[in-house]
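Novice: here is my input, please return the structure:
(chains A and B)
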Amino acid sequence: DVKVTQSSRYLVKRTGEKVFLECVQDMDHENMFWYRQDPGLGLRLIYFSYDVKMKEKGDIPEGYSVSREKKERFSLILESASTNQTSMYLCASSLRVGLDGYTFGSGTRLTVV
Amino acid sequence: DQQVKQNSPSLSVQEGRISILNCDYTNSMFDYFLWYKKYPAEGPTFLISISSIKDKNEDGRFTVFLNKSAKHLSLHIVPSQPGDSAVYFCAATAAGAQKLVFGQGTRLTINP
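Specialist: Presented below is the predicted three-dimensional model:
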């Protein structure tokens, strides 16, 4: 089974801090994704990557950046955390999307105070 | 532009009855449709999918129906169980596309 591991389940950070969310997958998937989930807004794509060192903006990239130095690791960076970035962050990976879709990690609940 | 829409934010069903979750889409280029289930404080898990060449796919208690002419799909859960209480997301993608497009989710509550 593919495993997608997010380094933290819960995080509390202060406004203005730089925040790193880490995600690792163990099945050699090319594609990796970062989403945030907010009530009533569903899953919104922040960034995705289809290869090492490649990244593409999703629907809501403002205030975020990403890094993919190795195939198995995809990091989400909040350059200067703000309270409106309090959310559930979900990492996912896929080989090909199609009928198989993604495998998601367990999520990181980030609270910015 | 919301290409995939789940118009019911919540649904409450009695245990043992049928749960029907609905999803509409606007992009006729979508070829694959998927349903995910999400419990609080966990990541979504894949439930069932369907290709646009089919109109029905069944897996145990879960059946997905696709009506291409109406651009509508539905997930039927029969019989509903308390463990089915979760948020359900529908998603769609085109062949060769690199990402899924998700709906807003429907919170299903199964009452004993």
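Novice: from now on I want contacts and neighbour counts done on CA atoms only, so please keep to that.
Specialist: Noted.
Novice: which helices and strands sit right next to the helix or strand of chain B with the lowest mean pLDDT?
Specialist: Least confident helix or strand, chain B: strand B:101-102 with a mean of 92, by mean pLDDT, DSSP states H and E. Judged by 3 or more Cα pairs under 8 Å, 6 or more residues apart in numbering or on different chains; DSSP states H and E, strand B:101-102 is in contact with strand A:42-49, strand B:4-5, strand B:86-93.
Novice: partner strands of the last one, with direction?
Specialist: Spelled out, that is strand B:86-93. Strand partners for strand B:86-93, identified by DSSP bridges, are recorded as strand B:32-38 (antiparallel), strand B:101-102 (antiparallel), strand B:106-111 (antiparallel).
Novice: run through who's touching the longest one.
Specialist: So the one you mean is strand B:32-38. Identification of contacts with strand B:32-38 by Cα atoms under 8 Å, 6 or more residues apart in numbering or on different chains yields A:98-99, A:101, B:44-52, B:75, B:86-95.
Novice: mind checking the pLDDT average for it?
Specialist: Taken as a whole, strand B:32-38 has a mean pLDDT of 96.
Novice: near chain A, which residues of chain B show up?
Specialist: Counting by Cα under 8 Å from any Cα of the partner chain, chain B comes close to chain A at B:9, B:31-34, B:41-46, B:49-51, B:89, B:93-100, B:102-105.
Novice: could you give me the PyMOL selection string for whichever of those residues are buried?
Specialist: In PyMOL, this line selects whichever of the residues of chain B next to chain A come out buried by 16 or more other Cα atoms under 10 Å in any protein chain shown:
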select buried, chain B and resi 31+32+33+34+42+43+44+45+46+49+50+51+89+93+94+98+99+100+102+103+104+105
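Novice: for chain B, what is the nearest residue in chain A?
Specialist: A:G42 (3.7 Å; Cα to the nearest Cα).
Novice: run through the bridge partners of that residue.
Specialist: Beta-bridge partners, per DSSP bridges, of A:G42: A:D38.
Novice: so it touches B:G103, yeah?
Specialist: Yes. The pair A:G42 / B:G103 is scored as a contact, 6.2 Å apart, by Cα atoms under 8 Å.
Novice: shared neighbours of those two, which are they?
Specialist: With Cα under 8 Å, 6+ apart as the test, A:G42 and B:G103 both reach B:F89.
Novice: give me the pLDDT for the residue in chain B that chain A sits nearest to.
Specialist: Chain B approaches chain A most closely through B:Q104 (3.7 Å), counting by Cα to the nearest Cα. Per-residue pLDDT puts B:Q104 at 93.
Novice: which strand or helix spans B:S12?
Specialist: strand B:10-14 (DSSP states H and E).
Novice: re earlier: residues in contact with the residue of chain A closest to chain B?
Specialist: B:F89, B:F102, B:G103, B:Q104, B:G105.
Novice: which residues touch stretch B:51-68?
Specialist: A:99, B:30-33, B:48-50, B:72-79.
Novice: now, which of the residues you listed sits nearest B:N22?
Specialist: For B:N22, the nearest member of the contacts of stretch B:51-68 is B:S74. The distance, counting by Cα to Cα, is 4.4 Å.
Novice: please, which helix or strand holds the residue nearest to the closest one when sequence neighbours are not counted?
Specialist: Distances taken as Cα to Cα, 6 or more residues apart in numbering or on different chains put B:N22 closest to B:S74, at 4.4 Å, once the chain neighbours are dropped. Using DSSP H and E, B:N22 sits within strand B:19-25.
Novice: just want the angle from that strand to strand B:106-111.
Specialist: 170 degrees (axes from the mean of the first three to the mean of the last three Cα atoms, to 10 degrees).
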